[in-house]
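# Here is my input, please return the structure:
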Amino acid sequence: MPGGRLTQQERQQIALGLADGLAYAEIARRLDRPTSTITREVMRNGGPVTYRADLAHRATEHRAHRRRQAAPRDASTPPQAHGRDAEAVHAYTETFTTLFMQQGLPKMASRVLACLYTTDEGSLTASALAQRLQVSPASVSKAVTLLEGLNLIRRERDERRRERYVVDNELWYQGMITAARSHAQLAETARQGVRILGPDTPAAVRLENIARFVDFVGESMVRAAEQAREILSTKPATTSEGTD
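The predicted model follows:
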């Protein structure tokens with residue numbers, strides 16, 4: 001309805017219109033909306049090149065939630081550990097979730113990952129994730145399968161033989177090593193092209209430059225990952241007085 005809030009379906013139509021190269025005025029005409037509404041919507045959410053309907057809709061929901069924070073807190077809201085502000089924690093988790101979505105993860109996988117990273121334990125069971133996120137166990141199962149396949153989480157069994165999903169520093173190390181291997185494969189494939197296309201040809205020079213670039217980046221990633229792993233796994237030394 002003209003004058004009301006944009007729906008998720010309308011945002012999807014805006015994204016399709018931008019992909020087709022339509023002007024804001026034409027998109028507005030098709031949606032029966034003022035051109036200023038479309039312009040403001042697109043520019044507020046990354047511009048015409050990076051506009052994404054799902055992220056734009058989520059950002060709008062996030063802003064609406066922030067406006068509702070001024071309302072009195074429900075007395076039934078459970079207290080946060082360590083005296084944390086529940087609203088501030090929720091807002092931060094939403095921000096973290098949106099960041100993961102911007103980096104290409106689906107919404108549910110992003111929510112699961114953000115939830116795990118903002119728990120003190122760094123691990124949760126599937127049932128605990130479903131309860132915290134207020135979603136079905138099937139949704140959690142699909143998300144954790146994707147995240148585990150990307151080496152962003154790992155699973156382990158606790159003392160009660162329950163599966164728990166974990167995030168820790170070792171995952172970052174393994175992720176960096178996996179990325180470095182991917183770079184090495186790209187470099188090898190590029191050099192195969194050099195041999196096929198013939199040395200010193202423009203295409204071969206281009207491929208050799210790609211190989212050299214990703215070789216350097218991959219080797220740097222491995223060195224940095226090894227150094228970070230060593231530093232983070234080493235406890236700070238203390239003096240006899242007990243100070244660092």
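# check contacts around residue 180.
218-219, 221-222, 225 (Cβ atoms under 8 Å, 6 or more residues apart in numbering). Yep, even glycine has a C-beta here, placed from its N, CA and C like the rest.
# which SS class is residue 124?
strand (DSSP: H, G, I helix; E, B strand; the rest coil).
# what's across from it in the sheet?
When bridges are called by DSSP bridges, residue 124 pairs up with residue 165.
# if I read this right, it contacts residue 130, doesn't it?
No - with contact defined as Cβ atoms under 8 Å, residue 124 does not reach residue 130; the gap is 9.5 Å.
# who has more neighbours, these two?
residue 124 (23 against 18; other Cβ atoms under 10 Å).
# Identify the residues contacting the more buried one.
115-116, 132, 164-165.
# and residue 68, what pLDDT?
Per-residue confidence at residue 68 stands at 57 (pLDDT).
# Could you do the one 4 residues further on as well?
According to the model's per-residue confidence, residue 72 sits at a pLDDT of 50.
# Also the one 5 residues further on?
Looking at residue 77, its pLDDT is 47.
# what's the spacing between residue 206 and residue 129?
Per Cβ to Cβ, to the nearest Å, residue 206 is found 46 Å from residue 129.
# who's more crowded, those two?
Neighbours were counted for residue 206 and for residue 129 using other Cβ under 10 Å; residue 129 has more, 23 against 14.
# For ChimeraX, what selects the buried ones among the contacts of residue 180?
Selection of buried members from those for ChimeraX, criterion 16 or more other Cβ atoms under 10 Å:
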select :218,221,222,225
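# and which of the contacts of residue 180 is nearest residue 152?
residue 225 (15.3 Å; Cβ to Cβ).
# The closest one sits in which helix or strand?
For residue 225, the host element (DSSP states H and E) is helix 202-233.
# Done for today, thanks.
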